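[1] Have a look; sequence and predicted model below, questions after that.
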Amino acid sequence: MRVRKLLTTVSLLLLAMSSQAAEQVQVVGLFPGAAVVNVDGQRKLVKVGQTGPGGVQVVSADSRGAVLRVNGVERAYSLSREASAGFSAPTKSQISLARGADGHYWAAGTVGGHTVHFLVDTGATSVAINEAQARRLGIDYRVQGEPMVASTANGRAKAWRIKLPQVKIGPLEVLGVEAFVLEGEGSVDSLLGMSFLNRVRWHEDQGVLVLESKL
């Protein structure tokens with residue numbers, strides 16, 4: 001009888017430990033065929049079929065969610081949701097960007113509700129777009145902007161300093177962002193520069209760029 005009670009106690013302890021371990025698992029980034037998994041503070045980009053921190057394996061992943069195998073049990077995870085029902089969602093907004101095949105970080109965002117595909121450039125002082133993109137976004141930069149000369153990778157170019165009412169990357173929204181419109185149809189990619197990045201927190205970890213709100 002005492003042996004049975006001891007086994008029952010051990011079983012309950014193991015279940016409690018298993019539940020506690022599950023509470024530490026979080027998906028903080030989703031990509032086709034990969035997920036950014038956070039296990040007890042250890043964050044890593046894990047591809048489908050690979051094993052990440054804490055022995056957590058990614059079974060499947062797409063933009064809608066991921067299926068993880070935790071302690072031999074498969075469960076579906078959505079972005080920034082814990083396995084445990086007792087999890088309290090973080091107050092800070094966050095997005096994780098995987099490094100592209102070209103070695104750069106790209107971010108799908110919006111400017112005034114219009115979609116823009118940004119190249120993240122920590123060496124650029126401001127957000128920058130070319131004149132064709134400005135027209136597509138409905139920006140009359142010659143009226144709204146201040147003329148100036150900007151230094152680019154291709155040399156000096158005529159530019160206009162403007163203020164974008166809103167730039168949004170995933171859940172991160174920054175209002176009143178300084179930007180440059182560079183003249184010339186193909187003068188520059190849409191650059192996500194420091195006028196946006198200085199308004200959020202960001203860090204790079206094992207091929208993943210994490211952007212997080214300061215609030």
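    Everything's here; your move.
[2] Beyond the worst-scoring helix or strand of the chain on mean pLDDT, next helix or strand please.
    Here the helix or strand of the chain ranked lowest by mean pLDDT, DSSP states H and E is helix 2-22, holding a mean of 41. The helix or strand immediately downstream of helix 2-22 is strand 25-31, counting by DSSP states H and E.
[3] low-confidence ranges in this structure?
    1-23, 80-91, 152-155, 185-188, 215 (pLDDT under 70).
[4] all helices of it, in order?
    2-22, 131-136, 141-144, 194-197 (DSSP state H).
[5] List the buried residues of the third one.
    Going back to what we said before, that points to helix 141-144. Going by neighbour count (16 or more other CB atoms under 10 Å), the buried part of helix 141-144 is Tyr141. Bear in mind the C-beta positions are built from the backbone N, C-alpha and C, glycine included.
[6] Give me the residues contacting it.
    If you take CB atoms under 8 Å, 6 or more residues apart in numbering as the criterion, helix 141-144 is touched by Glu131, Ala134, Trp160, Ile162, Lys163, Val181.
[7] Among those residues, name the buried ones.
    For the contacts of helix 141-144, a burial check counting by 16+ other CB under 10 Å picks out Glu131, Ala134, Trp160, Ile162, Val181.
[8] any idea how the protein splits into domains?
    If you go by automatic domain parsing, the domain ranges for the chain are 2-87, 106-212.
[9] Go through those and name the closest to Ile95.
    domain 106-212 (3.5 Å; CB to CB).
[10] end-to-end on that closest one?
    16 Å (CA to CA, to the nearest Å).
[11] what sits against Val116?
    Ala108, Gly109, Thr110, Ile129, Gln133, Leu137, Ser190.
[12] Within its sheet, name the partner strands of the longest strand anywhere in the chain and how each one runs.
    In the chain, taking DSSP state E as the definition, the longest strand is strand 155-169. For strand 155-169, the paired strands and their directions (DSSP bridges) read strand 106-111 (antiparallel), strand 146-152 (antiparallel), strand 172-182 (antiparallel).
[13] Can you dump the C-alpha atoms of it in PDB for me?
    The C-alpha coordinates for strand 155-169 follow below in PDB (Å, rounded to 0.1, in the frame of the first residue of the first chain):
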ATOM      1  CA  GLY A 155      26.800  58.500 -54.100                       C
ATOM      2  CA  ARG A 156      25.000  61.800 -53.500                       C
ATOM      3  CA  ALA A 157      21.400  62.100 -54.600                       C
ATOM      4  CA  LYS A 158      18.700  64.700 -54.500                       C
ATOM      5  CA  ALA A 159      16.200  63.900 -51.800                       C
ATOM      6  CA  TRP A 160      13.300  65.300 -49.900                       C
ATOM      7  CA  ARG A 161      12.900  65.000 -46.100                       C
ATOM      8  CA  ILE A 162       9.300  64.100 -45.100                       C
ATOM      9  CA  LYS A 163       7.400  62.800 -42.100                       C
ATOM     10  CA  LEU A 164       5.400  59.600 -42.500                       C
ATOM     11  CA  PRO A 165       2.300  59.600 -40.300                       C
ATOM     12  CA  GLN A 166       2.700  55.900 -39.600                       C
ATOM     13  CA  VAL A 167       5.000  53.000 -40.200                       C
ATOM     14  CA  LYS A 168       3.900  49.600 -39.000                       C
ATOM     15  CA  ILE A 169       6.000  46.300 -39.000                       C
END
